[in-house]
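Engineer: sequence first, predicted coordinates after that:
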Amino acid sequence: MTNAYTTPPAPRPVDTRPLRKRKRVWLGGSGLLLTGALIVGAGNGDQQPVAAEAKPAPTVTATVTATPEPAPTVTETIKAKAKPRPTITVTKTARPAADTGSDRGSDTANGSGSQDTTGTCSIVSNAGNCYSAGQFCRNSDHGAATTNQGGTRIKCVYSSNAWRWTYA
């Protein structure tokens, strides 16, 4: 067996067509080329070739504007000042000691006890009225205690999903 890489390739066989047939092929191809050129040239019909003229093209201008980077924002934190709470003032009226039993009898006859129930409230609403049990409390009154108009102690407690005044 022979090595295909070391042996030279076999020579090409000589063209078996006669020379006269090859000339006819070249002449036929050249004739067709000239005939096509004549047909195309006659098809122009006295038209002049168009000269290429430069048309004005739109001008594109790109403008770049530099925008400055935003500066860092400076925020100042201010602590909230505590709101002043209402001052609770309890006023008691001192009664003079009764010398005679007639005054003491008249107090018990009216049905009033030994306490003074004149209706002084230590915490009042924004309108200046005393609170009563069941009313809503202000935020500043949470957990505070006072008296209602009749002198009964009430306290602001969280009940029924809200802060309300209830009897203490």
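Structural biologist: Perfect, thanks for sending it.

Engineer: lowest-pLDDT helix or strand in this structure?
Structural biologist: helix 101-110 (a mean of 41; mean pLDDT, DSSP states H and E).

Engineer: ok, then the element right after it?
Structural biologist: strand 145-147 (DSSP states H and E).

Engineer: run the chain-centre distance for whatever helix or strand comes next after that next one.
Structural biologist: Going down the chain from strand 145-147, the next helix or strand is strand 153-159, by DSSP H and E. Distance of strand 153-159 from the chain centroid (Cα atoms, centre = their mean, to the nearest Å) equals 41 Å.

Engineer: which parts of strand 153-159 are buried?
Structural biologist: When neighbours are counted by 16 or more other Cβ atoms under 10 Å, the buried residues of strand 153-159 are found to be 154, 155, 156. Heads up, the C-betas are built off the backbone N, CA and C, glycines and all.

Engineer: okay, residue 67 and residue 81: tell me how far apart.
Structural biologist: Taking Cβ to Cβ, to the nearest Å as the measure, residue 67 falls 41 Å from residue 81.

Engineer: should've said residue 88
Structural biologist: From residue 88 over to residue 81 (counting by Cβ to Cβ), the distance is 21 Å.
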